[in-house]
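Undergrad: Here is my input, please return the structure:
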Amino acid sequence: MLRPVYQRMVEERKAPAEVGRLWRLGGTEKVLQAGEVASFRVSVKLNGSQPGPYVVLGTDVSHGSETGVEVIPEIISTKALKRTRGRVSVSVCNVTDSPVVLKARMPIGQVESATPLSTDLGGGVDKEISDERFYPKDAPISPEWKKRLQSQVLKWKELFSKDEFDVGLAKSTEHRIRLQEDKPFRERSRRVPLGDLDDLREQLNELQRTNVIQESRSPYASPIVLVRKKNGSVRLCIDYRTLNRRTIPDQYATPRIEDALQCLSGAKWFSVLDLRSGYHQIPMHPEDKEKTAFICPLGFFEFNRMPQGLTGAPATFQRLMEKTVGDMNLIEVLVYLDDIIVFGKTLEEHEQRLEKVLKRLHEEGLKLSLEKCQFCLPSVTYLGHVVSAEGVSTDPRKLEAVASWPRPRNVTELRSFLGFCSYYRRFVGGFAKIAQPLNKLLQKETTEEGCKVSDRNPSAPGPRKAKESIQGEWTSQCEGAFVKLKENLTRAPVLAYADPHKPYELHVDASREGLGGVLYQEYDGLLRPVAYVSRSLAPSEKNYPTHKLEFLALKWAVVDKLKDYLYGAEFVIKTDNNPLTYILTTAKLDATGHRWLAALSGFRFSLKYRPGVNNRDADALSRRPYTTEWTQVTPDGVQALCQGTERRVKGGVEAEAIGVMAAAVPEFYCNPTQLRDENLPTFSKQDLKADQARDPLIALTIKALTANQREILLTNSPDGARLVYKEWERLKMLDGVVYRRGPSTNSEEIQQLFLPTKHRESVLRSLHDEHGHLGAERTFKLVRDRFYWPCMRAEVESYCHSCLRCIQRKTLPTRAAPMSHLQSQGPMDLVCIDFLCLEPDASGQGNILIVTDHFTHYAQAFSTKDQRAPTVAKVLMEKFFVHYGLQEEYTLIREETLKVDWSGNCWSCWEFKRLELRHTTLKVMLSLKGLIARC
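TA: This next block holds a predicted model:
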């Protein structure tokens, strides 16, 4: 808006009226790339001439720029210069084709005195917008399409605002303020600096002229707050905190930015529309105008249009925008408050949608700001993100501040940094894990026992004070997290749009620091990330075992974070935790696991294990046979390679002494399998072919496969040939090596190597002895996933049952001791007591002492406050034995909880010289418990 005014001023003047120079502030050099525009703080140095009421900050247009840069012209009042002490911000552009270095404290422009053509920028200057300004010169389309798009936009020329006070007026919406109580309130007027009164008066007059505000007689009054902008002008803000506390909130929500951006999937052309002072285009309801009243030293006013700062303003504005675009929302256009983005897959589709949006905005009476609109671009900036056909990425201009962000000194600065980074956390994998050291600084210090302290609950965590210093607690881990977050944000990837027609692939992981997941989709043969999710662990979750943490990461990622993507779609989950792949089949789960599994039951997915380091000892024989021959190594070379290695102990030692009783080894295990102490050899494909050819059974199988005659296996067949005959349909040869097709545990077909007899002992030794001496069934599964030979299960079980180390460490089964029965000869010969626990009554008693005579089964119940021995002794004395007597010798059967100083308590309560308490075994007590329960 200011550039046309400035150009007309330059054209009409006869000589330059320079009154000062612009000097760059700052202590470091700045490199401006070709065509780059950047903002700089400058100091205005006047040369002593008397400037007018307004000055122009810009480049010397008569002689051109001496530094290769131009200052974008800006008009500012001399009063504003005095208030800012001559320090303002200007925009500088590199107009050359090469980088330009701007040194500190160098002149970059001049200051000229100016007499404005009209003080009313909205009334007499550039009242009509020229047609050239609608030409999309930045759009990478053909000139024909540019003219076509220009003509389409010019149809709605009245839709675009001519100046900053030319705002529209919505036809279908009025803002209402509903209060919890109608009692008026009045805030005191706040003082305004004398130097700001003139600017405040100008702004109030302009708002009155455009009918945004009017004088008021309202019983309500809120104070004003003046905010100084970078260019020296002031912004009028109203402190509506008291009004907002009494307002019933409007729960109409704005869309989640992450979900909204996913609607752009498949689009290649974008146009961004921005409303001119969007809030001021919504009228206030007549009954609610008085509630917006504000007081200042220059008068008492109220708003005719919806002001900023009201708690229900965003909801009203979002409702208006979604109502305006109607059924186009989230399908052809995306609206977030006053930011509108129109998208399309083709130029024709985009043109059609853009015309529909402009038509609906015009029908509603709204107006756009042409300066902030962008038309028909392949990449635009929207809500702090750069959206394009490739996907969504971070806005580089927003992240410029991150690269130079200083180290936080207190809690407030740290919260500001983490809050800014969290806005882009979905672009950083494992964000919660990286930021964990910084998040810990936001909590109060721990006590000696490790429990965090808060005022309300000494054991619960609590926030720290806003200005509390953290410099003394800033560790190397905090510095590493701080630097890593900045690096990851500045190098954030481009996230692909989610395509519901393509399969998803989810990678999940968990650690003691947090949970994480990455959602992928395949584009052009490559996996591209769609979303990163992460969070830290709750205190209770840090005690979970590894497998439960991995399960939690899976459930949280699928059910809690990525449900909008994955519900109703088929997807694959990959994890590096092998036990997690069995949760849908054979895994034994606790109650929590079953609840998580029930939450996952509504999703269609499969689990796959993503292995780390494979087992080379066994896999070298089957899955990865070498295709190249081994290189011959000289004896000296072998000796050099083996230096420093530990030589294995060879000899006839059958087992190590571990202190096992001789009775623990059954007689038929007296001659265990003797294991040879050599390494498992690794073979090439040629060695495998030769060994199979020398094995009688495999050689006969090769002959049958080569001739494609199954009956050969039944003629002069060696042992096991008939079993191989039954597997004929699964046998095949690959590069001269015999394999068998067999299903693995995850229902994928695998190739089992037909293992020669000479290698079976080495394989069993590798997969049993060197894999933790697993049981026969688990060892068989390891062997079956790699190899095949007849009667393989029987040989594996025989080997495992004959393993000396397994025999030594195996505990013999023990039989439970038989339950004995106590006999009583008469009444009161044997007394049994037990407790029954109920909900406490009003007096706090919830324990019922049950006393039963073993001979007659006569039982009585007494309520007690606890189960301590003194209490039991007192109850028995006062309520049982005083009525039924006490023999000279008797037996008491009691609970384990009464094993305290029972005799001492009895002696203190009863004055008997002889008292024998016979203790019984647990089995006896259990039998007596049954008696008491029946009674």
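Undergrad: nearest residue to Val572 other than its sequence neighbours?
TA: Among residues not flanking Val572 along the chain, Glu505 sits closest, at 5.1 Å (Cβ to Cβ, 6 or more residues apart in numbering). Just so you know, the C-beta spots here come from the backbone N, C-alpha and C atoms, and that holds for glycine as well.
Undergrad: Look at that neighbour and give its secondary structure.
TA: Secondary structure, DSSP: H, G, I helix; E, B strand; the rest coil: Glu505 is strand.
Undergrad: next one: the one 3 residues further on
TA: On the three-state scheme (three-state DSSP), Val508 is labelled strand.
Undergrad: before we move on, the earlier item: count the neighbours of the residue nearest to Val572 for me.
TA: Glu505: 17 surrounding residues under other Cβ atoms under 10 Å.
Undergrad: partners of the helix or strand Val111 falls within in the sheet?
TA: Using DSSP states H and E, Val111 sits in strand 107-114. Paired neighbours of strand 107-114 in the sheet (DSSP bridges): strand 18-24 (antiparallel), strand 54-58 (antiparallel).
Undergrad: Output that strand as PDB, nothing but the C-alphas.
TA: Extracted C-alpha coordinates of strand 107-114, given in PDB (Å, rounded to 0.1, in the frame of the first residue of the first chain):
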ATOM      1  CA  PRO A 107      25.200   2.700   5.800                       C
ATOM      2  CA  ILE A 108      22.500   0.800   3.900                       C
ATOM      3  CA  GLY A 109      20.000   3.600   2.900                       C
ATOM      4  CA  GLN A 110      18.900   7.100   3.400                       C
ATOM      5  CA  VAL A 111      16.200   9.100   5.100                       C
ATOM      6  CA  GLU A 112      14.100  11.600   3.100                       C
ATOM      7  CA  SER A 113      11.600  14.200   4.300                       C
ATOM      8  CA  ALA A 114       8.100  13.600   2.800                       C
END
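Undergrad: So His428 sits against Tyr532, correct?
TA: In this structure residue 428 is Val, not His. Yes - if you go by Cβ atoms under 8 Å, Val428 and Tyr532 touch, sitting 6.2 Å apart.
Undergrad: Next, the nearest residue to Arg426 once chain neighbours are set aside: phi, psi?
TA: Of all residues not flanking Arg426 in the chain, Tyr532 sits nearest, at 5.3 Å (Cβ to Cβ, 6+ apart). Backbone geometry at Tyr532, expressed as degrees, to the nearest 10, gives phi -110, psi 140.
Undergrad: Same question for Gln180.
TA: Taking degrees, to the nearest 10 as the convention, Gln180 sits at phi -70, psi -30.
Undergrad: where exactly do the strands run in the stretch 301-450 of the chain?
TA: 333-336, 339-344, 374-377, 379-382, 385-388, 392-394 (DSSP state E, counting those that start in this stretch).
Undergrad: Am I right that Asp687 sits in a strand?
TA: No - membership of Asp687 in a strand is not supported by three-state DSSP, which gives helix.
Undergrad: So for stretch 837-854, first residue to last residue, what's the gap.
TA: 22 Å (Cα to Cα, to the nearest Å).
Undergrad: so what's the residue lying closest to Phe427 once chain neighbours are set aside up against?
TA: Residue nearest to Phe427 in three dimensions, not counting chain neighbours: Ala492, with 3.8 Å by Cβ to Cβ, 6+ apart. Shown in contact with Ala492 (Cβ atoms under 8 Å, 6 or more residues apart in numbering): Ser393, Thr394, Leu399, Tyr424, Phe427, Val428.
Undergrad: Look at Ala492 and tell me its secondary structure.
TA: Secondary structure, three-state DSSP: Ala492 is coil.
Undergrad: Going forward, count from 33.
TA: With the count now opening at 33, the last piece we talked about shows up as Ala524.
Undergrad: Quickly note the distance from it to Leu616.
TA: 35 Å (Cβ to Cβ, to the nearest Å).
Undergrad: for the stretch 583-732 of the chain, what spans make up the strands?
TA: Counting by DSSP E, counting those that start in this stretch, the strands of the stretch 583-732 of the chain are 602-607, 636-641.
Undergrad: And the stretch 833-967 of the chain, by the same measure?
TA: Taking DSSP E, counting those that start in this stretch as the criterion, the stretch 833-967 of the chain carries its strands at 862-869, 879-885, 891-896, 923-925.
Undergrad: Dump those strands into JSON lines; add mean pLDDT and distance to Pro611 as well.
TA: Below are the strands of the stretch 833-967 of the chain laid out as JSON lines (pLDDT from 0 to 100; distance: least, Cβ to Cβ, whole Å):
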{"stretch": "strand 862-869", "mean pLDDT": "83", "distance to Pro611": "38"}
{"stretch": "strand 879-885", "mean pLDDT": "86", "distance to Pro611": "44"}
{"stretch": "strand 891-896", "mean pLDDT": "89", "distance to Pro611": "48"}
{"stretch": "strand 923-925", "mean pLDDT": "52", "distance to Pro611": "46"}
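Undergrad: With mean neighbour count as new columns, can those strands be given to me in TSV?
TA: TSV is the format used below for the strands of the stretch 833-967 of the chain (neighbours: other Cβ atoms under 10 Å):
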stretch	mean neighbour count
strand 862-869	18
strand 879-885	19
strand 891-896	14
strand 923-925	20
